[in-house]
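Chemist: Dropping the sequence and predicted coords here.
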Amino acid sequence: MNLLIIRLIIFAVLFFAGLKLYRMYREWKLDREELLESDDTRQEGGQMVRCSWCKVHVPESDAMREQGEWFCSSAHLDRYLQEHKEQDPKEKE
């Protein structure tokens, strides 16, 4: 009879210890997920702007701005400026 009570006590202690460890793990995992989500939000944060040349949307942090227009790359900026330089003399005539 005494052996049965000792086994029952050991089982109860192990059960509550396992339950405590599981709760600690779950809390740690939720904290980690919240931290990762806040990092993703910070990285993805910001406005999306449209390239004036190719019309592709890019994050404002990655875009270039010239003369009030947004561009996804320096090549598109150069092409846009070149195109508008060619059109300006034609419009003045």
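Modeler: That came in fine, so what should we check first?
Chemist: next structured bit after the helix or strand hosting Phe11?
Modeler: Secondary structure assigned from DSSP states H and E places Phe11 in helix 2-44. Sequence order places strand 48-50 as the next helix or strand after helix 2-44, per DSSP H and E.
Chemist: List the contacts of that following strand.
Modeler: Under the contact criterion Cβ atoms under 8 Å, 6 or more residues apart in numbering, strand 48-50 has outside partners Val56, His57, Val58, Pro59, Glu60, Ala63, Trp70. For glycine as for every other residue, the C-beta is placed from the backbone atoms N, C-alpha and C.
Chemist: ok, the third one - contacts?
Modeler: So the one you mean is Val58. Neighbouring residues of Val58 by Cβ under 8 Å, 6+ apart: Met48, Val49, Cys51, Trp70, Cys72.
Chemist: ok, now the fourth one?
Modeler: Contacts for Pro59 (Cβ under 8 Å, 6+ apart) come out as Glu44, Gly46, Gln47, Met48, Val49.
Chemist: Which of those residues has the largest number of neighbours?
Modeler: Val49 (20 neighbours; other Cβ atoms under 10 Å).
Chemist: CA atoms of the least confident helix or strand in the chain by mean pLDDT as PDB?
Modeler: Every helix and strand in the chain was compared by mean pLDDT, DSSP states H and E; the lowest is helix 74-92, with a mean of 79. Presented in PDB, the C-alpha positions along helix 74-92 are these (Å, rounded to 0.1, in the frame of the first residue of the first chain):
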ATOM      1  CA  SER A  74      19.100  54.100 -61.200                       C
ATOM      2  CA  ALA A  75      18.800  52.700 -64.700                       C
ATOM      3  CA  HIS A  76      15.100  53.500 -64.800                       C
ATOM      4  CA  LEU A  77      15.800  56.900 -63.300                       C
ATOM      5  CA  ASP A  78      18.300  57.600 -66.100                       C
ATOM      6  CA  ARG A  79      15.900  56.300 -68.800                       C
ATOM      7  CA  TYR A  80      13.100  58.500 -67.500                       C
ATOM      8  CA  LEU A  81      15.200  61.600 -67.300                       C
ATOM      9  CA  GLN A  82      16.600  61.000 -70.800                       C
ATOM     10  CA  GLU A  83      13.200  60.500 -72.200                       C
ATOM     11  CA  HIS A  84      11.900  63.700 -70.700                       C
ATOM     12  CA  LYS A  85      14.900  65.600 -71.900                       C
ATOM     13  CA  GLU A  86      14.200  64.500 -75.400                       C
ATOM     14  CA  GLN A  87      10.500  65.400 -75.100                       C
ATOM     15  CA  ASP A  88      11.100  68.900 -73.600                       C
ATOM     16  CA  PRO A  89      12.700  70.500 -76.800                       C
ATOM     17  CA  LYS A  90       9.900  69.000 -78.900                       C
ATOM     18  CA  GLU A  91       7.200  70.600 -76.700                       C
ATOM     19  CA  LYS A  92       8.900  74.000 -76.900                       C
END
